[in-house]
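I would like to see how this sequence folds:
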Amino acid sequence: MDDGGDDKASMYEAPTLERSPEVYHCLQKMDETGCDAFLDIHGDEELPFNFLAGSEGMSVWSQRLESLHGAFLASYERANPDMQAKVSYDPDKPNEGMKHICSNQIAERFDCFAGTLEMPFKEIHNGEAGWGPDRAKELGASVLDALCYVQPYLRSDEPFWESLPEEDAYIKPSSKY
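Below you'll find the predicted structure:
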């Protein structure tokens, strides 16, 4: 796996059967079947928001992927008030994405919509207290609405973004809030 030049990540070859057999076998199957959409789910310790970190820094980032990212997040916000698009990690510069980040690697490998969905470890910054397992489950269930919304466009060769409503436009996120 190409590591994107990060010294720490380049210390060993990954994935391998010895170091990470689950990743190795999943990638083998994905190489057989392909991948149209991918989410890597995490908890973030710093930002008190639910957010999606995209693959903006990868060489495959295009109008298609930017539009899928925007439409997915807009739909997700409509489906669940705990999701938002404005605050996230600052996007990587073009062609400077770190390839050892799972969602970046998958985006690059399959030219697909891919992101890292982050949930807060602390209170969510939307005015409503009580982030916990029940709301996390609701966030997980509502991701299906967003995936269903973008599904017709995932492998479209047509310029579908020209017909998307303005509310589905990509919002360049920032870590500043």
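
what's the helix or strand for the residue most central in space within the chain?
For the chain, residue 115 is the residue whose C-alpha lies nearest the centre (C-alpha atoms, centre = their mean; 1.1 Å). Element membership of residue 115 [criterion: DSSP states H and E] is strand 113-120.

helix or strand: which one has residue 108?
Short version, using DSSP H and E: residue 108 is in helix 102-110.

so what touches that helix?
With contact meaning C-beta atoms under 8 Å, 6 or more residues apart in numbering, helix 102-110 is reached by 1-2, 4, 30, 34-36, 38-40, 53-55, 57-61, 65, 92, 97-99, 112-116. For glycine as for every other residue, the C-beta is placed from the backbone atoms N, C-alpha and C.

ok, stretch 56-63 next?
By C-beta under 8 Å, 6+ apart, stretch 56-63 touches 55, 66, 91-99, 104, 107-108, 111, 159, 161.

10 Å instead?
4, 54-55, 65-66, 68-69, 88-99, 101, 103-112, 114-115, 159-162, 170, 172-173 (C-beta atoms under 10 Å, 6 or more residues apart in numbering).

now the nearest residue to residue 164 once chain neighbours are set aside: which helix or strand?
Residue nearest to residue 164 in three dimensions, not counting chain neighbours: residue 71, with 5.7 Å by C-beta to C-beta, 6 or more residues apart in numbering. If you go by DSSP H and E, residue 71 is part of helix 63-79.

by contact count, what packs against the strand holding residue 115?
strand 37-44, strand 51-53, helix 63-79, helix 102-110, helix 133-150 (3 or more C-beta pairs under 10 Å, 6 or more residues apart in numbering; DSSP states H and E).
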